[in-house]
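1. After the sequence you'll find the predicted model.
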Amino acid sequence: MPPEMKVPAGSGRGPDARSAHGLSIKTMVPTECDTRTSRATNRTLTQSPFNDTAVTYHMRGWHPFPLWDREAPDGLQARGKKNPPAGVTGREGVNATREQIEGWRDSGRSFNIGSRMPENVIVIDIDAYHGGLETIDELESKLGSLPGTFFVCHRGDGSAHRYYRVPGKRVWKNPGKGVDILHWGWRYAVMPPSIHPDTSQAYTWYGANGSKIANQAGPRIDQLPMLPKAWRDYLDTGKDPNAKAAKVDLASVEVRELLTAWASYDGPCPHMMDALREALATTTGGRHDVCMRAQMKIIRYGEAGHSGAGTAMKALRSWFFDALGKDRDPSSEWVRGFTNATQRIAASPTPEDRKGCMEVVVLPPLDVIVIGGQA
Ligand SMILES: [Zn+2]
């Protein structure tokens with residue numbers, strides 16, 4: 001336990017300074033972060049937090065994507081904190097690429113910004129309204145004080161996102177009332193300088209000393225302090241992070257029915273095109289793995305309401321069969337691939353509020369990528 005240390009209000013607290021037990025979180029929240037006093041604070045609100053900061057975030061090791069709210073009235077959609085693009089979050093998620101990020105940025109639209117957590121970062125999401133500060137107090141008395149770190153807040157009640165580095169890819173648990181642990185496989189964080197839809201306050205980064213940091217596109221991952229070992233041991237579920245995803249055991253007729261429901265034969269949306277292009281551009285490594293990955297993505301996009309999954313599967317099939325057909329019959333691999341993908345996707349359906357496509361880039365002509373004649 002750190003020694004008791006009186007910290008006068010308003011004094012500078014360095015990154016290594018620790019306040020007395022139980023005060024560390026509450027006293028960390030600077031008055032500027034308090035919406036009860038900060039209404040008059042002159043804060044520059046950006047029209048599109050994503051467009052202004054996403055590439056910088058990405059260069060610093062984060063996995064940013066746009067957030068919006070399709071239910072919000074026109075003009076306010078860009079202040080939403082929902083609707084991340086399909087496939088870039090969760091256990092089965094694949095981190096957005098620099099090209100995808102630039103595509104969203106250059107789409108001519110405005111968005112808030114979110115990020116999936118890197119595998120070696122967790123966020124301690126403290127919700128003061130639901131008892132999070134009390135939960136943290138209890139945990140600190142058991143596990144020791146949390147070190148000062150970069151944190152984000154947008155409300156004035158002590159709620160905050162506190163960022164810590166952790167060793168590698170683990171599955172973390174939520175420790176109690178009002179405290180969630182955001183990690184690579186679960187949820188995502190709304191990042192500064194996003195605008196909160198209800199309060200119109202900007203999410204804001206603060207440093208360990210409680211002052212707003214100059215660059216609101218976040219710290220680099222290696223600038224975050226390591227979560228202390230007692231906390232890591234306590235929060236680690238011990239579950240295998242690479243455990244195979246759950247599957248629903250489906251008969252082949254059920255697989256076909258689901259695919260028919262999910263896969264449309266209209267023009268593929270930009271996401272679908274990305275998944276397909278990624279496979280077709282692969283010239284190294286086994287085509288089998290590339291094909292299985294692409295099937296998973298395409299079917300997931302289809303299930304999530306993106307257009308053209310059927311068209312994309314047809315093109316992928318031609319590519320796979322043309323490449324392998326001379327050496328071996330790829331039919332059973334092909335069928336096993338989409339059966340496996342369908343069973344896994346059926347086991348974790350896309351939530352309704354995340355369904356649908358954000359059409360953000362102009363489609364190239366289809367004949368650029370559809371190769372091979374037969375289906
Ligand atoms: Zn789409």
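-> Yep, it's here.

2. Tell me where this protein is predicted with low confidence.
-> Across the chain, the ranges flagged by pLDDT under 70 are 1-45, 244-245, 283-285, 325, 358-375.

3. which residue is nearest the centroid of it?
-> Residue closest to the mean C-alpha point of the chain, counted by CA atoms, centre = their mean, is R116 at 2.5 Å.

4. So what does that one have for phi and psi?
-> Backbone dihedrals for R116, given as degrees, to the nearest 10, come out at phi -70, psi 150.

5. what sits against the closest residue in space to it that isn't next to it in sequence?
-> Leaving aside its sequence neighbours, R116 sits nearest to H63 (CB to CB, 6 or more residues apart in numbering; 4.2 Å). Every residue, glycine included, has its C-beta placed from N, CA and C. Residues in contact with H63, defined by CB atoms under 8 Å, 6 or more residues apart in numbering, are 88, 95-96, 115-118.

6. Mind checking which of the residues you listed are in strands?
-> Secondary structure defined by DSSP state E assigns 115-116 of these to strands.

7. what's the closest of the contacts of H63 to the ion?
-> V88 (11.8 Å; CB to the ion).

8. and the closest one, how many neighbours?
-> Residues lying near V88 (other CB atoms under 10 Å) number 22.

9. what does R328 give?
-> 9.

10. did I read that right, it in a helix?
-> No. Checked against DSSP: H, G, I helix; E, B strand; the rest coil, R328 lies outside a helix; its state is coil.

11. give the contact list for it.
-> R328 neighbours (CB under 8 Å, 6+ apart): none.

12. Would you mind measuring from the residue lying closest to N112 once chain neighbours are set aside to the ion?
-> Distance criterion CB to CB, 6+ apart; nearest residue to N112, sequence neighbours excluded, is S194 at 3.8 Å. In this view, S194 and the ion are 22 Å apart by CB to the ion, to the nearest Å.

13. returning to that earlier point: OK, contacts around the residue nearest to the centre of the chain?
-> Contacts of R116 by CB under 8 Å, 6+ apart are 63, 65, 88-89, 93, 95-96, 184, 188.

14. can you check D240 too?
-> Per CB under 8 Å, 6+ apart, neighbours of D240: V171.

15. Residue numbers of the stretch 251-375 of the chain in contact with the ion?
-> Contact residues, the stretch 251-375 of the chain versus the ion (CB under 5 Å from the ion): 269, 271, 306, 357.

16. Cool, thanks, signing off.
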